[in-house]
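Asker: Sequence and predicted model, in that order:
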Number of protein chains: 2
Amino acid sequence: MNIQQLSNETGIGVDALRIWERRYGFPAPERDTRGFRIYSAEQVDELRLVKTLLDHGRRPGKIFALSAAERRDLVAQLVTSDSTSDQGLRKLVEEGSPSRISAELTARRNELGLEAFVVDVALPLLQLLDHGWTMGRINVAREHLVSDRLEELLKRELSAEEDNGERPQVLFLTLSGERHKLGLLLAATLFKQAGVAPLWLNEELPLSEIPALADELQVAGVALSFSSHYSPRQAREDLGLLRRSLSPRIRLIAGGQSVHQLPSLKDLIISTDLQQIPQLVKRHFLHPLKG
Amino acid sequence: MNIQQLSNETGIGVDALRIWERRYGFPAPERDTRGFRIYSAEQVDELRLVKTLLDHGRRPGKIFALSAAERRDLVAQLVTSDSTSDQGLRKLVEEGSPSRISAELTARRNELGLEAFVVDVALPLLQLLDHGWTMGRINVAREHLVSDRLEELLKRELSAEEDNGERPQVLFLTLSGERHKLGLLLAATLFKQAGVAPLWLNEELPLSEIPALADELQVAGVALSFSSHYSPRQAREDLGLLRRSLSPRIRLIAGGQSVHQLPSLKDLIISTDLQQIPQLVKRHFLHPLKG
DNA sequence: ATACAACTTTGTCTAGGACAAAAATGAATA
DNA sequence: TATTCATTTTTGTCCTAGACAAAGTTGTAT
C-alpha cells in the first residue's frame, strides 16, 4: 500500500506519516525501486491503533515511546469498556447477515418503541461497534454493514410523516470534516419523538453556509455534533463563530465527544446525554418561556 | 483559503496545484507572512472551471494557454445540461423548499415509473446541480439540500421489499476517499429494477476489505463508482488489484467519470450509460451463459 | 491554587528534484 | 489514406529536508 492510500484509510495526513518516520523511526515502510514507501498490512493495523490513541488525546511522542504490545493494552483500556451484556446484540454484530440485522433491529424497535430502542439498543450497538473495531475483533466491512442497517432504519423513522404540521423545525448537520453522523442521527430521532420536525442534511456543510440556510428555511434551531476526530479547540472556535453569525432567535445545540468538556458558551445548548433530550426539547422548543 | 482546503473543494491534488504554479505561473496566489499560499475566491472559481475542463479530457498545457474568458466559454460549451429544458426542475433546484422538493420528486417518480424517473429526472437533476455549482449559480447548501432529498427517495426505493427472494445479490459501494455516491445510487436503483437484489453500503470501504465481504455475503457482483475526484490512475490500479483479489466468479462493475476512458481490463464490466443497465444486468447476471 | 512565561512537541507548509506513465508527435510501412 | 511503432513531451506523484506557528507541557512566581 502506498502512502496516499494509507492516508485515506487511516485518516492520518501524508505529511504526518513522513515526519513520524523522520523523527521517531516509525512507521518504517519498505521502499520500491523508485524509493517510494510501501506499507505492510501489519503497519496499517498498527497505525489504526495509533490513530485511535491520537483520537483519545495521547500525543505522538508518548505513543511511539510505547511498544506495540503496550499500545494495544492502552487502546483496550481506553475504548469504552465492553460491558454490554446483551449477547443477542453481540452475536448479531459479529455474524448476522444484512437481512437478519435489519429484521432484528426492526423487531426490537417495534417491541420497545422508538425512545427505548434508541437508548437501549442503538446506543449500545454503536459502542459495541466502536469497541470491536478498535480492538480488531470486527473488521471495517462488518462495522459498516451493521451501522448502515441501523442508519437505514433511523432514516426511515426520520422521514416518516408526522401527525401535524406546526412543529418547530430543527436543522441537523455536521461541519465539513466531521464524518461521524450516527450519534447525531440518534439524537435527531429523539428530537422528532419529542415533538420537533427534524430536517436532516446528510452531507457536510461549510460553516459559512449555515446562517443563510437556517434563515432561508426559518428553522427554530440548528444541531451539530463533534466526534472525537474533531479537535475540541476547533469545535469551540466553530461554535463561537456560528453563534455570532446565526440569528439570535435560532437555538444552537451541540453534542458529541469533543464537546463534552467544553466550557459552556453563551446561548449554546450542549447535549451530552440522549436521555435528557425530551426535557431539552420541552424547555427550549415547546415551552421556551418556562425555561 | 489555504492549499489544503482548496484541494478538498476542487478535487485537484495539492502537488498538482503547486507544480502548476511552478510551470505555468497559474494559479499565482497571494502569500501570508509565512510564505503560505492564500487563494482568493476568484481563483477558486477559476480552478473549478479548470477542473471541469480536465474532467472533459483537456490537458493542463492547453487549458493554461487560454485566457480566463476563453476558458469560461469553453466550459459553457462543454457542459451539457445547460440545455435541460425542464424549467420546472430548474426552478425547483433554485428555490424549492425541502418539502416541496421531496413532494415534487415523489410525484414525478410515481407518474413516470422508476426507470424513466432515474433517467429523465434524477440524472438531469444531478447534471443541473453540477452545472449550477461549477458555474457558481447555486451554493453548496442548496446543492446538498436538493441532492439529499433525491438520495432519501432513492434509498427508500432500494430498501423497499421485493417480490421474490431468489435474485442475484450485488454489492454497491465506494472505496475510501470516494465520496460521491449519488451516481452509483442511481445505478443501484436501475439494477434493482432490472432484477438484481442490491446491497447498498453507504460508508466508504478500504479495498482490502472487499474480497472477504463479497465472499461472506455470497454476492454475484460488486459495483463501484469513481467520480472525477478520483484519479483515473488510482482507479485503474485499484480495479486491477480488486479484480485479482476477488473470486473470479464474482462480477466486477465500475462506473463514473474517472473510468470512462479506461483501457478495458480483463473481466471488468465498465458501465458508462445508465440506459444500458437493463441489458447489462440481463447479460451478466440473469442469463450469464448467453452473453 | 492560579497565572504567566519559557520551553517542547507537532503537523503543515515551503522549495526544488526525479522519474514513470500517459499523451502527442513523427516516421515508416501496409 | 490508414496503421503501427518508436521517440519526444507533458504531467502528476512521489522524494528529501528545512522552517515555523500553534498546541501542549513544564516551571516559577504570585
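Answerer: The structure has been received and is ready for your questions.

Asker: What values do phi and psi take at A:E157?
Answerer: A:E157 has phi and psi values of phi -60, psi -40 when expressed as degrees, to the nearest 10.

Asker: so who does the residue most central in space within chain A touch?
Answerer: Centroid-nearest residue in chain A, with C-alpha atoms, centre = their mean: A:H180, separated by 3.3 Å. Contacts for A:H180 (C-beta atoms under 8 Å, 6 or more residues apart in numbering or on different chains) come out as A:T174, A:S225, A:S227, A:H229, A:G256. Every C-beta, even on glycine, is put in place using the N, C-alpha and C of the backbone.

Asker: And the third one, what's its pLDDT?
Answerer: Listed pLDDT for A:S227 reads 79.

Asker: residues near it, how many?
Answerer: For A:S227, the neighbour count with other C-beta atoms under 10 Å in any protein chain shown is 20.

Asker: ok, now the second one?
Answerer: Applying other C-beta under 10 Å, we find 28 residues neighbouring A:S225.

Asker: can you give me the helices for the stretch 101-250 of chain A?
Answerer: All helices of the stretch 101-250 of chain A, identified by DSSP state H, counting those that start in this stretch, fall at A:114-117, A:123-134, A:140-159, A:182-194, A:210-217, A:232-245.

Asker: Adding mean neighbour count, distance to DNA strand D and mean pLDDT, write those helices out as a markdown table.
Answerer: Shown next, in a markdown table, are the helices of the stretch 101-250 of chain A (neighbours: other C-beta atoms under 10 Å in any protein chain shown; distance: least, C-beta to the nearest atom of the strand, whole Å; pLDDT from 0 to 100):
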| stretch | mean neighbour count | distance to DNA strand D | mean pLDDT |
| --- | --- | --- | --- |
| helix A:114-117 | 17 | 36 | 95 |
| helix A:123-134 | 19 | 21 | 84 |
| helix A:140-159 | 20 | 21 | 92 |
| helix A:182-194 | 22 | 22 | 96 |
| helix A:210-217 | 18 | 21 | 93 |
| helix A:232-245 | 16 | 5 | 78 |
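
Asker: do you know which of the ones you listed lies nearest B:I277?
Answerer: Closest to B:I277 of those is helix A:140-159 (C-beta to C-beta; 22.7 Å).

Asker: Next, see if the closest one gets close to chain B.
Answerer: Yes. Shown here: helix A:140-159 in contact with chain B (C-beta under 8 Å from any C-beta of the partner chain) through A:V140, A:A141, A:R142, A:H144, A:L145, A:S147, A:D148, A:E151, A:E152, A:K155, A:R156, A:S159.

Asker: same thing with stretch A:7-24?
Answerer: Yes. Judged by C-beta under 8 Å from any C-beta, stretch A:7-24 comes into contact with chain B at A:N8, A:E9.

Asker: Please give the centre-to-centre distance between that stretch and its chain.
Answerer: 23 Å (C-alpha atoms, centre = their mean, to the nearest Å).

Asker: List the buried residues for it?
Answerer: A:S7, A:N8, A:E9, A:T10, A:I12, A:V14, A:L17, A:W20 (16 or more other C-beta atoms under 10 Å in any protein chain shown).

Asker: A:I38: neighbouring residues, count only.
Answerer: 13.

Asker: any idea how far it lies from DNA strand D?
Answerer: Noted for A:I38: a distance of 8 Å to DNA strand D, by C-beta to the nearest atom of the strand, to the nearest Å.

Asker: Angles on the backbone of the residue nearest to that residue when sequence neighbours are not counted, please.
Answerer: Beyond its immediate neighbours in the sequence, the residue positioned closest to A:I38 (C-beta to C-beta, 6 or more residues apart in numbering or on different chains) is A:E30, lying 4.7 Å away. Backbone torsions of A:E30, given as degrees, to the nearest 10, read phi -60, psi 170.

Asker: A:E30 contacts A:F36, correct?
Answerer: No. Assessed by C-beta atoms under 8 Å, A:E30 is found out of contact with A:F36, at 9.5 Å.

Asker: Just name the shakiest helix or strand of chain A by mean pLDDT.
Answerer: Sorting the helices and strands of chain A by mean pLDDT, DSSP states H and E puts helix A:232-245 at the bottom, at a mean of 78.

Asker: Counting by contacts, list what that one packs against.
Answerer: Where contact means 3 or more C-beta pairs under 8 Å, 6 or more residues apart in numbering or on different chains; DSSP states H and E, helix A:232-245 is packed against helix A:210-217, strand A:221-225, strand A:251-255.

Asker: what's the angle between that helix and helix A:210-217?
Answerer: Here the directions of helix A:232-245 and helix A:210-217 differ by 40 degrees (axes from the mean of the first three to the mean of the last three C-alpha atoms, to 10 degrees).
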